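Trainee: Quick one: sequence and predicted model below, then my questions.
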Amino acid sequence: MKLIRILLFPVVPVYYLVTYVRNWLYDRGIKSSKSYRFPVICVGNLSTGGTGKTPMIEYLIRLLKDERSLATLSRGFKRETSGFLLANANASADSIGDEPFQFFRKFEGIQVAVDANRHQGIERLMALSKKPEVVLLDDAYQHRKVRAGFNILLTDYNNLYYKDMVLPTGNLREPRSGSERADVIVVTKCKKDMSDAEKIRITSKLKLKKNQKLFFSSVAYSSRVRSELKELELATLPKFTLVTGIANAKPLVDFLAGKGLKFDHLEYGDHYNFRASDIEHLASKSLIVSTEKDYVRLSGLEVLKDKLYYLPIQIKIDEAAIFNEAVRAFINQKS
């Protein structure tokens, strides 16, 4: 833990009280929250990031896109625009944010929108001539002005929220009691060989409410890296440069190292805005592998065209059939 976080510990009770009171006011209806008659699913977390929200949104898209018309609604973090924006042929990572642009370029037939005001964003989506049947809210768990009908709360296996504390010393955006709003809790980035005994131990620590369901998920990495032009077998790659601008690169680094691959790691901050000097440095590399989120922001650069690849990932959910049925049951109930 950084020294500054330790020094800021006296602020923790103040932050805790402010966020607790805010939730209390919403929970009791003193502060108003808008609910909807159509299916709105929220994916979020209690911590400041790195729990796997983007792969979960993509999981839901794959699950539902052939059954319902979908829209994703994100804040569009660090985009260069403001207000409501619906992705179109002119969209870019700069205009709508890297993660929404990843959804847009990856999945045909869905609507991708951004708006920091989630209530306004939903209203604008439903005013479209082709309005969606289901809205997926990306990272909106703390947006209490909107009451999603189904809340999926993610918590990283390596940093479970019951072990953490609120900001600024810890990483929680709100007290752990906020987990009680979730319909489903997913422990992400689990070990693939996790024992039933460990699952039982974690379940007891999370102290679920009777109406809540708990699932465990892991990350599945592709055996190939991809670009717009071609694919390469991961196992046969020569030494390369790994470029990451995400909240927690350790699982990816550990996976690549575990495969015996040789690489140098250039680690940047989450949602990092690459500068001209960064691009010049990357252009000097012979082979670059990045996360997909970084790839969508760098792939338009001509100097990186023949050397930049990304490693696709998906999440695998234990008891996926039960999880899928819970999601579909909510949608059918609200439709």
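Mentor: Sure thing, it's come through.

Trainee: what about the helices in the stretch 201-335 of the chain?
Mentor: Shown for the stretch 201-335 of the chain, the helices assigned by DSSP state H, counting those that start in this stretch span residues 250-258, 276-283, 292-298, 320-334.

Trainee: okay, now Gly49: neighbour count?
Mentor: Neighbour count for Gly49, taken as other CB atoms under 10 Å: 17. Any C-beta I mention is one placed from the backbone N, CA and C, and that applies to glycine too.

Trainee: Which residue of the protein lies farthest from its centroid?
Mentor: Most distant from the centre of the chain: Ser284, at 30.9 Å, with distances by CA atoms, centre = their mean.

Trainee: any idea how far that residue is from Val225?
Mentor: Using CB to CB, to the nearest Å, Ser284 is found at 20 Å from Val225.

Trainee: Ala220 versus the closest residue to Ser223 other than its chain neighbours, what's the distance?
Mentor: The shortest distance from Ser223 to any non-neighbouring residue, by CB to CB, 6 or more residues apart in numbering, is to Leu234 (5.5 Å). Separation of Leu234 from Ala220 (CB to CB): 13 Å.

Trainee: Give the buried residues for the helix or strand containing Phe103.
Mentor: For Phe103, the host element (DSSP states H and E) is helix 98-106. Of all the residues in helix 98-106, those buried under the rule 16 or more other CB atoms under 10 Å are Asp98, Glu99, Pro100, Phe101, Gln102, Phe103, Phe104, Arg105.

Trainee: Stretch 16-33 now?
Mentor: So stretch 16-33, judged by 16+ other CB under 10 Å, has buried residues Tyr16, Thr19, Asn23, Tyr26.

Trainee: Need the contact partners of that stretch.
Mentor: Here stretch 16-33 makes contact (CB atoms under 8 Å, 6 or more residues apart in numbering) with Arg144, Lys145, Val146, Arg147, Val166, Arg173, Glu174, Pro175, Ser177, Gly178.

Trainee: how many neighbours does the closest residue to the last one other than its chain neighbours have?
Mentor: Spatial nearest neighbour of Gly178, chain neighbours left out: Leu46 (5.7 Å); criterion: CB to CB, 6+ apart. The local packing of Leu46 (other CB under 10 Å) involves 26 other residues.

Trainee: can you pull the pLDDT of Leu46?
Mentor: Leu46 carries a pLDDT value of 98.
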